[in-house]
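S.K.: What shape does this take:
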Amino acid sequence: MSFAHGAPPRGAPPGAEDVLKLIVAGQEWIGWQRVAVTRSMDTVPASFDIQVTERYPLTADVSFKPGDPCQVKIGGDLVITGYIDRYGAAISGNDHTVRIAGRSKSEDLVDCSAFVGSKEKPSFQVLAGSTLSIAQELAKPYDVEISSLAGPGVRIPQFNINLGETAWEIIDRITRYSELIAYDMPDGSVVLAQAGSEKMASGFAQGENVESANVSFSLDQRFSEYEGHILATMVFGNDTGPNAPDLGEIIRDPGVPRFRKRYVISEQTFMGEPIATKRARWECQRRIGRSQAVNITCDSWRDAGGALWAPNHLAPIHLPALKLADVNWLIAQITYVRDEQGQHGLVVLMPPSAFAAEPVGDPGPLPPTVAAVEAWNAARRG
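M.R.: All right, here's what the predicted structure looks like:
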């Protein structure tokens with residue numbers, strides 16, 4: 001079923017004829033006048049907010065309700081698989097408005113409390129496993145699939161879930177052990193990956209597909225040098241030389257013109273391989289990345305190859321008027337918008353280092369009791 005929807009204007013860019021479809025119970029609904037669909041690397045889950053206002057809308061058959069499973073497509077491309085969160089309708093003397101908002105399936109990982117095992121017999125003890133296998137176990141009760149583009153990740157020993165923490169809080173924490181990021185996909189699943197693993201067929205160029213843009217450069221959150229430590233106190237005295245037992249390599253940011261010092265604690269709870277240097281390097285690079293961001297309004301939802309703009313994809317930028325000429329930055333967020341002003345893509349891009357995964361201390365060896373149980377189970381299976 002469709003609402004009224006006009007044809008794209010003559011001379012519109014490729015993809016302007018795209019129709020957004022909301023699919024509920026196998027039925028497609030099109031003709032939405034206001035559309036906002038957002039996918040992001042910083043915010044999970046993906047979301048949509050769509051609306052139609054008609055003088056005499058044919059909405060008698062509309063039976064949406066919160067909680068209904070749904071899909072959102074742009075043209076033939078799936079962008080969200082999830083649920084309707086909110087349905088709203090309003091009438092006045094001369095119009096009738098219908099508004100639908102929803103999110104990806106990963107919303108249940110973000111909103112709901114974590115447990116493993118069955119819904120009937122939940123458990124709060126997570127047995128040892130890889131980053132991927134533990135994330136999959138946490139997501140299973142909520143019917144969310146998790147895959148990885150960067151292998152299973154490091155092995156994590158047994159731990160207990162704190163009552164009340166969400167599945168996503170744990171997944172976000174354990175992915176850092178493997179220096180991975182997690183974000184949701186159009187099919188409602190979650191993927192573990194490294195930043196900048198894919199590329200768009202084209203980018204954004206001044207005088208071509210960029211309607212407006214603004215860029216910000218900042219220095220207030222950057223420091224000239226980062227000194228990594230594995231402990232928050234100098235328990236070994238005041239020795240800060242290169243051979244100090246709790247000191248990592250000093251990382252310098254050449255873009256900071258004056259002395260600005262930052263001590264970085266690696267939060268290790270055991271004296272294993274120190275990651276103080278890795279933490280200092282990550283702190284430096286991420287702050288450099290986050291100190292630069294460009295917001296672009298482009299004239300299309302798609303690149304030159306016909307693919308929808310998508311998060312975690314590198315795209316070239318040529319905006320010489322904003323001192324951004326020929327750089328390759330990462331799409332941090334894309335919002336596909338259609339309203340009274342037409343159809344646009346609202347894109348936020350940053351350098352890839354802005355999304356480097358935070359390294360944390362190695363989860364450490366298995367406790368002897370857990371190792372013994374694992375060995376016993378392995379012997380039984382063998």
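S.K.: Show me where the stretch 51-200 of the chain has its helices.
M.R.: Under the criterion DSSP state H, counting those that start in this stretch, helices of the stretch 51-200 of the chain are mapped to 107-111, 131-139, 167-177.
S.K.: again, but for the stretch 251-382 of the chain
M.R.: Using DSSP H, counting those that start in this stretch, helices in the stretch 251-382 of the chain cover 276-290, 368-381.
S.K.: Lowest mean pLDDT across these, which one is that?
M.R.: For the helices of the stretch 251-382 of the chain, mean pLDDT drops lowest on helix 368-381, to a mean of 51.
S.K.: Which phi and psi values does residue 164 adopt?
M.R.: Backbone torsions for residue 164, taken as degrees, to the nearest 10, come to phi 100, psi -20.
S.K.: residue contacts, it?
M.R.: residue 113 (C-beta atoms under 8 Å, 6 or more residues apart in numbering). Every residue, glycine included, has its C-beta placed from N, CA and C.
S.K.: So for stretch 29-42, mean pLDDT?
M.R.: The average pLDDT within stretch 29-42 is 92.
S.K.: If you count neighbours, what's buried in that stretch?
M.R.: The neighbour-count check on stretch 29-42 (16 or more other C-beta atoms under 10 Å) flags 29, 31, 32, 33, 35, 36, 37, 38, 39, 40, 41 as buried.
S.K.: And for stretch 253-271?
M.R.: Buried residues in stretch 253-271, counting neighbours by 16+ other C-beta under 10 Å, are found at 253, 256, 262, 264, 266, 268.
S.K.: check contacts around the fourth one.
M.R.: Spelled out, it's residue 264. Applying C-beta under 8 Å, 6+ apart to residue 264 gives the contacts 226, 227, 228, 229, 276, 279, 280, 283.
S.K.: low-scoring pLDDT stretches of the stretch 1-150 of the chain, where are they?
M.R.: The stretch 1-150 of the chain contains residues with pLDDT under 70 at 1-16, 53-62.
S.K.: Swap in 80 and give it another go.
M.R.: Scanning the stretch 1-150 of the chain for pLDDT under 80 picks out 1-17, 53-63, 93-95.
S.K.: Could you pull out the strands in it for me?
M.R.: With strands called from DSSP state E, counting those that start in this stretch, the stretch 1-150 of the chain shows them at 20-24, 27-29, 34-40, 47-54, 69-74, 77-91, 96-104, 116-117, 122-123, 125-126, 129-130, 146-148.
S.K.: Quick one: closest of those strands to residue 357.
M.R.: strand 146-148 (12.7 Å; C-beta to C-beta).
S.K.: residues in contact with that closest one?
M.R.: Residues outside strand 146-148 that contact it (C-beta under 8 Å, 6+ apart): 131-132, 135-136, 139, 171, 180, 182, 189-193.
S.K.: Check stretch 315-328 too.
M.R.: In contact with stretch 315-328 (C-beta under 8 Å, 6+ apart) are residues 199-200, 202-206, 210, 213-215, 294, 296, 303, 309, 314, 329-331, 349, 351.
S.K.: residues contacting the residue nearest the centre of the chain?
M.R.: The residue lying closest to the centre of the chain (C-alpha atoms, centre = their mean) is residue 41, at 2.5 Å. Counting by C-beta under 8 Å, 6+ apart, residue 41 touches 181, 183, 195, 311, 312, 330, 331, 332, 333, 355.
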